[in-house]
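A.B. asks: The sequence and its predicted three-dimensional model are supplied below.
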Amino acid sequence: NDTSMQHRNLNHMTREERFSEAMRRTLYALKVLLPREGWTPVGPEMKYLARAIKEFTFIIHAGVFIPCIMSYGTNEQIAKWFPLAADFRIIGTYAQTELGHGSFLRGLETIATYDRANQEFIINCPKITAMKWWPGDMGKSANHVLLMAELVIDGKKYGMHGFMVQIRDLTTHEPLPGVTVGDIGAKLSFESVDNGFLYLQNVRIPRENLLSKLSEVHPDGTYIKKGNQRLMYGSMVRVRVNLIAHEIVMPLAKACTIAVRYSAVRRQGLINPSKEEVPVLDYVAQQHKLLPQVATVFMAHFAAKQLVKMHHDYSLEVEKGNTSQLPELHALSAGMKACLSEQGAAGAEIVRRACGGHGYSCGSGLPFIVNRMLATCTYEGENTVMQLQCARYLIKCADQAKKDKLTGSVWYLSDFSNMSCTAQTFGDLQEPSVLVKLHERRAKCAVQHAGKKMQNMVKNGTPAHDAWNMMATLLINAARAHIMQYVVGTSVTYISELSCSASLKKILTQLCALYALHNINSNCGDFVKFGCLTSAQCDLAQEAEFNLLKQLRPDAVGIVDSFDFTDDILQSCLGAYDGNVYERLFEWAKQAPMNKTEVHQDSYQYLQPYLHEGRDVLEGRGRNSKL
Ligand SMILES: CCCCCCCCCC/C=C\CCCCC/C=C/C(=O)SCCNC(=O)CCNC(=O)[C@H](O)C(C)(C)COP(=O)(O)OP(=O)(O)OC[C@H]1O[C@@H](n2cnc3c(N)ncnc32)[C@H](O)[C@@H]1OP(=O)(O)O
Ligand SMILES: Cc1cc2nc3c(=O)[nH]c(=O)nc-3n(C[C@H](O)[C@H](O)[C@H](O)COP(=O)(O)OP(=O)(O)OC[C@H]3O[C@@H](n4cnc5c(N)ncnc54)[C@H](O)[C@@H]3O)c2cc1C
């Protein structure tokens, strides 16, 4: 109810207005509304803030820069920089991606050369492709960057390391000497975020600014490794784990709230010619578009909770020096981020499109969500690259499964029990245990299929790297199958262990079955090809899905209401709680800047001569028509 927090209509603001309004609101929220003692920008409060603010600033500062200080800094460095960053007395970003490289980190070109005489690092972007490009909050907000650069000592390269680099004056906010920095311009979304470019030329930083938890450089230039260097990639794992809930589950939940509420209000056409127009939500085709996406919200939420727990447990182990869980966590987080962002972004577009013309209006609030979700398929690890990382781990595990009993998320690769499906009715296929087994079998077969294909190619003389490249599509499919079995399996377990009312558990079980069946029906080729289902059972799977749509239809609005988004955060004429769609759309349109005058003078000057000629002809004074 704090008017300082309420959103003005973002669509009727310029990009620069949105940039400064997001900063005002974010700082207001952090500085005024949150208890100052003890909170951190990566604490539990964030998920509540994220429900209250439509456009944040400082997501990278809070979601990446600060976690990196914790992950890569020594205790002294954390003690120095964390308090400043947590209180926004320094604003940072994570500067890794360059104009020429984003996915292939070993190709990054920014160099940090150690100057022994002065005990400093000299930072340089040797050519234009080395310029840092994309980091959020970097263009105009950040005064520090956590710069990922190639460490060079006496001409020898030591790989990518993290350096704290100040880029703007803390008094004037002007760029420091050797720093060229700015905004990269208009993007598909994130209008309020100043993704930036950063060109560094002979910028000197103290030796102490190398984040030295994992490695350090002594004053004489001696390089010391301290622990598993793979942890240098640890911040990306953490962000991939965190972003699922924040950037995939929550936006999809908002989109589903808007689309389901609108579909319950929008009447269009007849089902029974003798009856009145129906709410479009009564069309099974509409239910088939919307309800599986509602189910995805829940299943992705449950699976993300499990992944967050796994990351938390892993972090505790790393503190004890045990990094054995890292390979599985990397594979799972990379695969989950890629597959759920793919599903989520596609799902948001499906539900947007299900709202017809008004879904194409920014007044629906849906284009804002769809465009932002598209970014999740690219940032924090481009999806294809992440799926291949996941597949790399699966292929290794499949080989290991031939001799060892596997555990963890890949246990099913060493399950050689009979996994044939005996379902005779569509009810059998709504059973959670049957759905889990089907997904495990499909995933196991997909991984083995890709591995076998590559082995045969290598046996026939194809170099392993070429076999990998040629089978990439099968490997990506295997990664998707693995993640789907993980999401279905963890969701079934989570729901079964949930202490809640029987009626709620029934709905959640139905949603889980809908998610699994929608996935089966969308990929039935795999399920038949790998012998998981017969053609007749595929028909039953479709029947099972349609039956669940019918069962869930009466609760559809109640289910999305349970996401509990306020009208202010939805900013949607279609999804407002009162359902007054048409009055809201009309009011919203009238507020458009285009309508601040009845005649748009700038354009009228071009139209005027033609209009006056038309007037004269129609009033009998004008010359004959030119036609
Ligand atoms: C105040 C307001 C508050 C607002 C609210 C805050 C909310 C916060 C919550 C939301 C959080 C964030 C919001 C979204 C923000 C995101 C913004 C975007 C940021 C970015 O995009 S940062 C840049 C991201 N870039 C990447 O991800 C690059 C991807 N590329 C790579 O990771 C690597 O290049 C690679 C893995 C593709 C290849 O690396 P390479 O060294 O060549 O490795 P390989 O040869 O493939 O493999 C070598 C072995 O290393 C293993 N490996 C690889 N990566 C990892 C890893 N990350 N962890 C562990 N192990 C890894 C790999 O498996 C190989 O192992 P093996 O040899 O097989 O044993
Ligand atoms: C909104 C947004 C915010 C961002 N924020 C940040 C940030 O804060 N900090 C930061 O450092 N970066 C940030 N990034 C950059 C982001 O991390 C990179 O864009 C991302 O890692 C992809 O790298 P790239 O752009 O170089 O694409 P590329 O890697 O060049 O990918 C281009 C194409 O090549 C394909 N490809 C690449 N490698 C392979 C491979 N090995 N096998 C098969 N196909 C391959 C990809 O699948 C893709 O189709 C942001 C990007 C966006 C869009």
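C.D. replies: Thanks, I have it. Numbers count the residues shown, from 1 in each chain. Ligands and ions are numbered 1, 2, ... in the order given.
A.B. asks: all contacts plus neighbour counts: C-alpha atoms, from now on.
C.D. replies: Fine.
A.B. asks: got the residues of the stretch 301-450 of the chain near ligand 1?
C.D. replies: 326, 327, 330, 379, 380, 381, 385 (CA under 6 Å from any ligand atom).
A.B. asks: List only buried entries from those.
C.D. replies: 326, 330, 379, 380, 381, 385 (16 or more other CA atoms under 10 Å).
A.B. asks: can you list the residues of the chain near ligand 1?
C.D. replies: So the chain meets ligand 1 at 41, 46, 50, 56, 58-60, 62-63, 96-97, 102-106, 230, 233-234, 236-237, 239, 242-243, 246, 326-327, 330, 379-381, 385 (CA under 6 Å from any ligand atom).
A.B. asks: of all of the stretch 301-450 of the chain, which residue lies closest to ligand 2?
C.D. replies: Nearest residue of the stretch 301-450 of the chain to ligand 2 (CA to the nearest ligand atom) works out as residue 379 at 4.0 Å.
A.B. asks: List only those of the residues of the chain next to ligand 1 flagged as buried.
C.D. replies: If we count by 16+ other CA under 10 Å, the residues of the chain next to ligand 1 have these buried: 41, 46, 50, 56, 58-60, 62-63, 96-97, 102-103, 105, 233-234, 236-237, 239, 242-243, 246, 326, 330, 379-381, 385.
A.B. asks: Okay, strands next: where are they in the stretch 201-350 of the chain?
C.D. replies: Applying DSSP state E, counting those that start in this stretch to the stretch 201-350 of the chain gives strands spanning 215-217, 223-225.
A.B. asks: which secondary structure elements does the last one contact?
C.D. replies: If I follow you right, that is strand 223-225. For strand 223-225, the elements it packs on are strand 215-217, judged by 3 or more CA pairs under 8 Å, 6 or more residues apart in numbering; DSSP states H and E.
A.B. asks: and the strand it packs on, what other elements does it pack with?
C.D. replies: strand 223-225.
A.B. asks: Parallel or antiparallel, which strands does the strand it packs on pair with?
C.D. replies: Strand 223-225 has its sheet partners listed here by DSSP bridges as strand 215-217 (antiparallel).
A.B. asks: can you list contacts of the partner strand?
C.D. replies: With contacts defined as CA atoms under 8 Å, 6 or more residues apart in numbering, strand 215-217 is touched by 207, 210, 223, 224, 225, 226, 227.
A.B. asks: Same check on stretch 80-99?
C.D. replies: Stretch 80-99 has contacts (CA under 8 Å, 6+ apart) with 40-41, 58, 60-62, 64-66, 69-70, 102-103, 108-109, 128-138, 141-149.
A.B. asks: Pick out the most distant pair among the contacts of strand 215-217.
C.D. replies: Longest distance between any two of those is 19.8 Å, between 207 and 227; criterion CA to CA.
A.B. asks: Between the two, which has more neighbouring residues?
C.D. replies: It is residue 207, of residue 207 and residue 227, that has more neighbours when counted by other CA atoms under 10 Å, with 22 against 15.
A.B. asks: Would you confirm that that one contacts residue 121?
C.D. replies: Yes - counting by CA atoms under 8 Å, residue 121 is a contact partner of residue 207 at 6.1 Å.
A.B. asks: Give the residues shared as contacts by the two.
C.D. replies: residue 114.
A.B. asks: So what does the spatially most central residue of the chain have for phi and psi?
C.D. replies: By CA atoms, centre = their mean, the chain has its centre lying nearest to residue 376, at 3.3 Å. Note on residue 376: its backbone torsions stand at phi -70, psi -20 [degrees, to the nearest 10].
A.B. asks: quick thing: my sequence starts at 36, can you match it?
C.D. replies: Shifting the count to begin at 36 puts that one at residue 411.
A.B. asks: ok, then the element right after the worst-scoring helix or strand of the chain on mean pLDDT?
C.D. replies: Among the helical and strand segments of the chain, the one scoring lowest on mean pLDDT, DSSP states H and E is helix 80-87, with a mean of 72. Where DSSP states H and E defines the elements, the next helix or strand beyond helix 80-87 is helix 94-95.
A.B. asks: can you give me the mean pLDDT across that next one?
C.D. replies: Averaging pLDDT along helix 94-95 yields 90.
A.B. asks: Give me the local confidence score for residue 453.
C.D. replies: pLDDT, the model's per-residue confidence, is 77 for residue 453.
A.B. asks: ditto for residue 660
C.D. replies: Listed pLDDT for residue 660 reads 61.
A.B. asks: now do residue 43
C.D. replies: 78.
A.B. asks: Among the residues of the chain next to ligand 1, which are located in helices?
C.D. replies: If you go by DSSP state H, the residues of the chain next to ligand 1 have 81, 85, 94-95, 269, 271-272, 274, 277-278, 361-362, 365, 420 in helices.
A.B. asks: wait, which of the residues you listed is closest to residue 320?
C.D. replies: Checking these against residue 320 by CA to CA gives residue 278 as the nearest, at 31.1 Å.
A.B. asks: ok, for the closest one, nearest residue in space, not its chain neighbours?
C.D. replies: Distances taken as CA to CA, 6 or more residues apart in numbering place residue 372 nearest to residue 278, at 7.8 Å, with adjacent residues excluded.
A.B. asks: residues contacting the one you found?
C.D. replies: Applying CA under 8 Å, 6+ apart to residue 372 gives the contacts 275, 276, 278, 279, 418, 421.
A.B. asks: what about 10 Å?
C.D. replies: Each residue near residue 372 by CA atoms under 10 Å, 6 or more residues apart in numbering is listed here: 272, 274-279, 283, 339, 366, 378, 411-412, 414-418, 421-422, 518.
A.B. asks: per-residue confidence at it?
C.D. replies: If you check residue 372, the pLDDT there is 98.
A.B. asks: what does the one 4 residues further on give?
C.D. replies: According to the per-residue confidence, residue 376 scores 98 in pLDDT.
A.B. asks: swap in residue 269?
C.D. replies: 84.
A.B. asks: cool, residue 79 as well?
C.D. replies: So, for residue 79, pLDDT stands at 64.
A.B. asks: Residue 411 versus residue 550, what's the distance?
C.D. replies: 21 Å (CA to CA, to the nearest Å).
A.B. asks: Longest helix in the chain, by number of residues?
C.D. replies: Longest among the helix segments of the chain by residue count, using DSSP H, is helix 319-354.
A.B. asks: Can you tell me which residue of the stretch 236-385 of the chain sits closest to ligand 2?
C.D. replies: In the stretch 236-385 of the chain, the residue that lies nearest ligand 2 is residue 271 (9.5 Å; CA to the nearest ligand atom).
A.B. asks: show me the residues around that residue that make contact.
C.D. replies: 99, 102, 103, 277, 365, 368, 369, 415, 416.
A.B. asks: quick one on the thing from earlier: how about the buried ones among the residues of the stretch 336-485 of the chain next to ligand 1 in TSV, adding pLDDT?
C.D. replies: Shown next, in TSV, are these (pLDDT from 0 to 100):
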residue	pLDDT
361	94
365	96
414	97
415	96
416	97
420	98
